[in-house]
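Asks: how would this look folded up:
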Amino acid sequence: MTRASTKVGNRLLAALAPADFGLLAPHCRNLSLTPNAVLVRSGEELDQVYFPHSGAVTFMIDMPDGQTVATTLIGREGAVGPLLSILGHSLSSVTAIVRVAGTVSQISAAKFRFAYARSPAIRHVVELHTRALFLQLQHVAACNALHPVEARIARWLLQLRDRVADDVLPLTQEALAQLLGVQRTTVTLEMSKLRAAGAIRSDRRGMIEIDRPRLQASACACYALMRRRIDGMYAEERATSRFE
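Replies: Numbering: from 1, shown residues only. Below is the predicted model:
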């Protein structure tokens, strides 16, 4: 299959042939997103779909007592809102927050639904994205229930590193506390353990510098297992010339 002639950073869009990509491209606009920007709030209708080219977005569950916990992390391999948008006028169950600044292609949910209905290829990449998303949700739920905070911090940092492609991550301890659903004092204590192990060299001024091999040693098995399974999905698609 011939890929889209326009070079794009998002892997889902890049997987589309020109004719399928052409159903979306005229209706997309490129945006730069800043950290902590909210793409959709829990309980609100999603009227836009976002395809990240860089950066990272987290899906957060908001609890009645004001606490939050992250369920999913999305980067250039995925999208925000395609599944919900095709269901029509549905309310989001999560709050989508930009954790690492980046760029996205934005398209209205209505325009995306129209293209989705016309293109089997678009339906296919949405299916692939949904499978990867559900797999991540399942692993994160199990990890949150079974593994200690230090291992979970290491897993989130590694997941961010995969999407940012830099060993210096723009993430504050407060943001980590929100991701993990714990108090900031807990994050401070666990980060000190990671520093002592040499997995983190700095966490000042809202920047966390990591040593990837040592951080992987501190993470639970969930990180490697989740990455292997999701990469396996994409590899299978590449092998059949349907995804890259």
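
Asks: Please count neighbours and contacts with C-alpha atoms only from this point.
Replies: Fine.

Asks: In this structure, mark out all the strands, start to finish.
Replies: According to DSSP state E, the chain carries its strands in the segments 29-33, 38-40, 48-52, 56-62, 68-74, 95-100, 102-108, 168-169, 200-202, 208-210.

Asks: For Q159, see how far away V69 is.
Replies: Taken as Cα to Cα, to the nearest Å, the spacing of V69 relative to Q159 amounts to 15 Å.

Asks: Now do the same contact list for L31.
Replies: Going by Cα atoms under 8 Å, 6 or more residues apart in numbering, L31 touches T103, V104, S105, Q106.

Asks: and it, bridged to which residues?
Replies: The residues paired with L31 through beta bridges, assigned by DSSP bridges, are V104.

Asks: contacting residues for L12?
Replies: Contacts of L12 were listed using Cα under 8 Å, 6+ apart, and they are F51, E77, G78, A79, V125, H129, F243.

Asks: Let me know the closest of the contacts of L31 to K193.
Replies: Nearest to K193 among these, counting by Cα to Cα, is T103 at 33.7 Å.

Asks: and the residue nearest to the closest one when sequence neighbours are not counted, how many neighbours?
Replies: Leaving aside its sequence neighbours, T103 sits nearest to S32 (Cα to Cα, 6 or more residues apart in numbering; 4.4 Å). Other residues lying near S32 total 13 when counted by other Cα atoms under 10 Å.

Asks: correct me, but S32 touches G102?
Replies: Yes - using Cα atoms under 8 Å, S32 makes contact with G102 at a distance of 5.8 Å.

Asks: for the protein, longest helix please?
Replies: The longest helix of the chain (DSSP state H) is helix 120-146.

Asks: tell me the angle it makes with strand 68-74.
Replies: Computed with axes from the mean of the first three to the mean of the last three Cα atoms, to 10 degrees, the direction of helix 120-146 lies at 140 degrees from that of strand 68-74.

Asks: Relative to the whole chain's centre, how far out is helix 120-146?
Replies: 10 Å (Cα atoms, centre = their mean, to the nearest Å).

Asks: Give the buried residues for it.
Replies: Of the residues in helix 120-146, those scored as buried under the neighbour-count criterion (16 or more other Cα atoms under 10 Å) are 121-126, 128-130, 132-133, 136-137, 139-140, 143-144.

Asks: for that helix, what is the average pLDDT?
Replies: Mean per-residue pLDDT for helix 120-146: 92.

Asks: counting contacts, what elements does that helix pack onto?
Replies: If you count contacts as 3 or more Cα pairs under 8 Å, 6 or more residues apart in numbering; DSSP states H and E, helix 120-146 packs onto strand 68-74, helix 82-86, helix 109-118, helix 221-239.

Asks: could you dump these to TSV with mean neighbour count?
Replies: Converted to TSV, these look like this (neighbours: other Cα atoms under 10 Å):
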stretch	mean neighbour count
strand 68-74	22
helix 82-86	20
helix 109-118	18
helix 221-239	15
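
Asks: Geometric centre of the chain: which residue is closest?
Replies: Centroid check for the chain by Cα atoms, centre = their mean gives I74 as the closest residue, at 1.0 Å.
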